[in-house]
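Undergrad: pasting the sequence and the predicted coordinates here, then a few questions.
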Amino acid sequence: MQKAVAVIGGGVAGIQASLDLANRGFKVYLVEKNPSIGGRMAQLDKTFPTMDCSICILAPKMIECSHHPSVQLLTYSEVKEVKGSVGNFKVKVLRKPRYVDERKCTGCGICSENCPIEAPNEFDENIGVRKAIYMSFPQAVPRVAVIDKENCVECGLCDKVCPAGAVNREQQPEEVEFDVGAIVVATGYDLFDSSVIPQYGYGRFKNVISAMELERLLCASGPTGGHLIRPSEGKIPRHIAFLQCIGSRDRREWINHPYCSSICCKYAVKDAVLIKEHETDSKVSIFYIDMRAFGRGFQEFVNRAKSEFGIEFVRSNPGEISEDSKTNNLAISFEDPITRTVQSISFDLVVLCPALIPSKGMPELAKTLGIELDNYGFVRMEDSVRKPLDTTVPGIFCCGYCLGPKTGDIPDSITQGSATAARVAEVLASEEAS
Amino acid sequence: MKYAFFAGCLIPAREPQYENSVKKIAPRLGIELVEMEGTNCCAPFSIQSLDYTSWLALAARNLCKAEEMGLNIVTLCNDCYESLLMTNTILKENKETKDRVNQILADVGLEFKGKTDVKIFSDVLYEDVGLEKVKDSVKRPFTGLRVAVQPGCHLSKPKRLHFEQWRGITALDELVEATGAKSVPYERKEACCGGPLRGVNDEVALHVAKQKLDSIKSAGVSCIVTVCPFCFIELDMGQIEIKRHMNEEYGLPVLSFAELLRVAMGMDLEDWELKAHRIPITGILGMTEAK
Amino acid sequence: MHEVANTPRGRGVLACIQCGRCTNSCPVSRVEKEHNPRKLMEMIILGLRSEVLGEQLPWYCLSCFTCLDRCPQGGDVGEVMFALRNLTVREGKIPEGILAQAQSLFDNGRVVTASRMASIQREKYGLGNEPTVDVEAVQKILVKTQFDKLINKGKRSL
């Protein structure tokens, strides 16, 4: 029986599970496919309903992970093969080459400053740019640069300016193998691609953006330093619309996300309040089907949004958006629920709140692990009542949004992370006893 | 490729030039259209609105005729397509309804067996003939012709009915581009032309047509290409009526896809056919060159 | 509401959550204030039978199926419109234009018969006669389904 655990996914749920397990004396291998851990929570500006700075409350946990003697971070890595069974899994992980020596790099950032090449920044949902040699965001853990070979032109500038001589273009993918007693899946979510519903103009109209793109615009570490501007020409938007349920609660066959993604109403209200805090003169309207603000503090937050911040809540779900090609403004035609007349209103910026879907790569990972997914691609629980954190393979557990939209907010993901850690400890203890 | 040819009411009765073009291009693409004897109206939207069972029985009668011929049925009109396709689907999937309809059909000596498939002419060109062969048949491709394609509502809606073929809109775009013309995207491409309300509520119909035409105009095109004969009338004649009642002019010639392809194949439209277009199309017909 | 739900094509009303996407997508709602699919569903759900069936409300619909394609519940609003029209017809309320088409169907087997010009053109340019219609069969079917009675009821109400 191996007193070690592999955690796949370095978001808040995975981080929590890792820390709890490490503090109990387990050796934890935290595998993360991106160059840094942090996941979605690191991308957010503020959390609801307390309006805490998201990265400020996450970063200490991220640092703890990197410094904890029992946690080994395997970032920019992916699980390739898993053999064995509960108590004794053999895990093979492929570490993608950063072309930077992790032991030498100090994270000073001089390489990025000098790099001449810019590429879309995935962390900023591709609305900002980064260099070909980069660190995803200022609080990245580990604070080690990575070279994007596809965009790198091999000019050699970073090699020259790096004070630690950490650039290593000869670096090869590395296969790492280790033994663990249990595996935790914490791979989180992706955003539904709203261009699948062409009537909303996502991908065609410059000023129709997704909620995550908005977060990056509002965030001080984002591409505009936290200044809310319109993508089309950089002016400050005065009239903003949020469209809820883009893809969620949708039973149509070609969309097939009949579930409610459970956090969008909450984050939309949060974002609306944030916008009003940034630009007090702006007018914000949220178009919804139902305002699902369940749990402690959320309905109060919604009420505050109405009374204190003057945010308009419109119970009408638009079917299409049209663009004025001269001004890049968006026109939304909808029935005013109070006057019951159809009117068309012009907005500077439209924010779509898309359905939240399983992380890309889930089907492959599920195959590698041998676990079952449900018909939406989320991890299938072994038994939703008696073992809600177990996957269909004994010894493999899960937590966070990869389980599906059961999470109400970040504290829920953290709770699940801890619960999964406890479950792992319990199962491995009984394995040891038997 | 042999099909039972269901021309519908409107085209033979009011737009014979559309039928003429179809009959002229079919043989060059290897399509044999077999006339159906003793058909009846497909039961379009107006009749469906009156009575459910009457609709199914009338539509099914045509399907039975095609079954007797042992051929798949091909329509030119979007409304015929929707009516026959929906009926075919409902009767194939729902035994109780099928039995009820067959009871009525028994009176006229017919029985629906579910042995035929319903296709619309543009899909036949795209799926059965194939884009390559259509391209090969073009001897005088259009040059510099910007087209707004009007697929019509029932070509691809309801999506769940056309799920396999709902790229029907892009198929039409590709067919148009096979003639050398360019299909220009425009905002309200999937929107209705207003045709079904013609003769029922002309004012509303015209306002809806205007929305469509406004959107097409802002895309900067030289003409509109239609599939459905209702779309043709509403957008062609509609422009004259909009000019009269709302004082707005578009000057956008409208022609059916069959006519477009016929010209691209190197054939000329006859005088009487040209006159059938209220907005003159002679201007754009010259925009071709020999291959 | 259950009356509509049990009428053919009317089942979709049971799925309605009043989100309003249908009205927000409808091309007629933009130009005609009277036409509001969401409101019509609301009236059905509330049981306002005489208001729904008493007016010409469902007859503004184009049957373009945009609402049906957009409804997140798969509520088939466009189909429910057909059910509503079937119900108003049974009450005897048929718009004139539709009645004319129905009468033509019964008399000629077609909703539209060849105009004089079209007949001349067909003959002159070698298109042959209009495809043959079996009017007798059509009438037999329509009598069996009592379609003719519906037409007469509609004519009396005008």
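TA: The structure has been received and is ready for your questions.

Undergrad: count of residues packed around the residue of the stretch 101-250 of chain A found nearest chain B?
TA: Distances between the stretch 101-250 of chain A and chain B by C-beta to the nearest C-beta are smallest at residue A:199, namely 8.2 Å. The way it works is simple: take the backbone N, C-alpha and C, and place the C-beta from them, glycine included. Using other C-beta atoms under 10 Å in any protein chain shown, the number of residues around residue A:199 comes to 17.

Undergrad: next one: residue C:154
TA: Residue C:154 has 23 neighbours, counted by other C-beta under 10 Å.

Undergrad: spit out the contact partners of it.
TA: C:89, C:92-94, C:99, C:102 (C-beta atoms under 8 Å, 6 or more residues apart in numbering or on different chains).

Undergrad: and those residues, which of them are buried?
TA: Buried subset of the contacts of residue C:154 (neighbour count, 16 or more other C-beta atoms under 10 Å in any protein chain shown): C:89, C:93-94, C:99, C:102.

Undergrad: just checking, residue A:273 touches residue A:309?
TA: Yes: the pair residue A:273 / residue A:309 is scored as a contact, 5.4 Å apart, by C-beta atoms under 8 Å.

Undergrad: looking at these two, which is more packed in?
TA: Legend: neighbour count by other C-beta under 10 Å for residue A:273 and residue A:309, higher for residue A:273 (22 against 16).

Undergrad: per-residue confidence at the residue of chain C positioned farthest from its centre?
TA: Distance from the centre of chain C peaks at residue C:124, with 36.3 Å (C-alpha atoms, centre = their mean). In this model, residue C:124 is scored at 81, pLDDT.

Undergrad: could you pull up phi and psi at it?
TA: Per-residue torsions, residue C:124: phi -70, psi -40 (degrees, to the nearest 10).

Undergrad: for residue B:254, same thing?
TA: According to degrees, to the nearest 10, residue B:254 has phi -120, psi 130.

Undergrad: and the residue nearest to it when sequence neighbours are not counted, how far is that from chain A?
TA: With sequence-adjacent residues excluded and distances taken as C-beta to C-beta, 6 or more residues apart in numbering or on different chains, residue B:254 is closest to residue B:236, at 4.1 Å. Distance, residue B:236 to chain A, by C-beta to the nearest C-beta, to the nearest Å: 25 Å.

Undergrad: name the element the residue in the stretch 251-400 of chain A positioned nearest to chain B belongs to?
TA: Using C-beta to the nearest C-beta, residue A:322 is the residue of the stretch 251-400 of chain A that sits closest to chain B, at 5.5 Å. For residue A:322, the host element (DSSP states H and E) is strand A:321-323.

Undergrad: and the following helix or strand past that strand, which residues are buried?
TA: Downstream of strand A:321-323, the next assigned helix or strand under DSSP H and E is strand A:330-335. By neighbour count on 16+ other C-beta under 10 Å, the buried set for strand A:330-335 is A:330, A:332-335.

Undergrad: and stretch A:244-256, by the same measure?
TA: For stretch A:244-256, by 16+ other C-beta under 10 Å, it's A:244-250, A:252, A:255.

Undergrad: tell me which residues are up against it.
TA: For stretch A:244-256, contacts defined as C-beta under 8 Å, 6+ apart pick out A:192, A:194, A:196-197, A:200, A:257-261, A:264-265, A:268, A:286-289, A:317, A:352-356, A:376, B:159-160, B:163, C:19, C:69, C:71-74.

Undergrad: switch the cut-off to 7 Å
TA: A:192, A:194, A:196-197, A:200, A:257-261, A:264-265, A:268, A:286-289, A:317, A:352-355, B:159-160, B:163, C:72-74 (C-beta atoms under 7 Å, 6 or more residues apart in numbering or on different chains).

Undergrad: what of stretch C:73-85?
TA: Here stretch C:73-85 has contacts from A:251-252, B:48-49, C:4, C:7-10, C:12-13, C:15-17, C:22, C:37, C:41, C:52, C:58-59, C:61, C:63, C:65, C:67-68, C:71, using C-beta under 7 Å, 6+ apart.

Undergrad: among these, name the buried ones.
TA: Buried members of those, counted by 16+ other C-beta under 10 Å: A:252, B:48-49, C:4, C:7-10, C:12-13, C:15-16, C:22, C:37, C:41, C:52, C:58-59, C:61, C:63, C:65, C:67-68, C:71.

Undergrad: could you list the domains of chain C?
TA: As assigned by automatic domain parsing, chain C contains the domains C:2-90, C:96-157.

Undergrad: mind checking the end-to-end distance for the shortest one?
TA: I take that to be domain C:96-157. 10 Å (C-alpha to C-alpha, to the nearest Å).

Undergrad: that domain: how far from the chain's middle?
TA: 17 Å (C-alpha atoms, centre = their mean, to the nearest Å).

Undergrad: cool, the first one as well?
TA: Between the mean C-alpha location of domain C:2-90 and the chain-wide mean there is a distance of 12 Å, by C-alpha atoms, centre = their mean.

Undergrad: what is the end-to-end distance of that domain?
TA: 17 Å.

Undergrad: from the contacts of residue C:154, which land in strands?
TA: Among the contacts of residue C:154, none falls in strands (DSSP state E).

Undergrad: just those now: which is nearest chain A?
TA: Nearest to chain A among the contacts of residue C:154 is residue C:93, at 23.4 Å by C-beta to the nearest C-beta.

Undergrad: pull the number of nearby residues for the residue lying closest to the closest one once chain neighbours are set aside.
TA: Ranked by C-beta to C-beta, 6+ apart and with sequence neighbours excluded, the top spatial neighbour of residue C:93 is residue C:157, at 6.2 Å. Neighbourhood size, residue C:157 [other C-beta under 10 Å]: 11.

Undergrad: ok, now residue C:116?
TA: 7.

Undergrad: element containing whichever residue of chain B sits closest to chain A?
TA: Ranking the residues of chain B by distance to chain A (C-beta to the nearest C-beta) places residue B:187 first, at 5.5 Å. If you go by DSSP H and E, residue B:187 is not part of any helix or strand.

Undergrad: before we move on, what about residue B:203?
TA: Using DSSP H and E, the element containing residue B:203 is helix B:202-217.

Undergrad: following that helix, which helix or strand comes up?
TA: Following helix B:202-217 in sequence, per DSSP H and E, is strand B:223-226.

Undergrad: give the partner strands of that following strand in its sheet and their orientations.
TA: strand B:146-150 (parallel), strand B:254-256 (parallel) (DSSP bridges).
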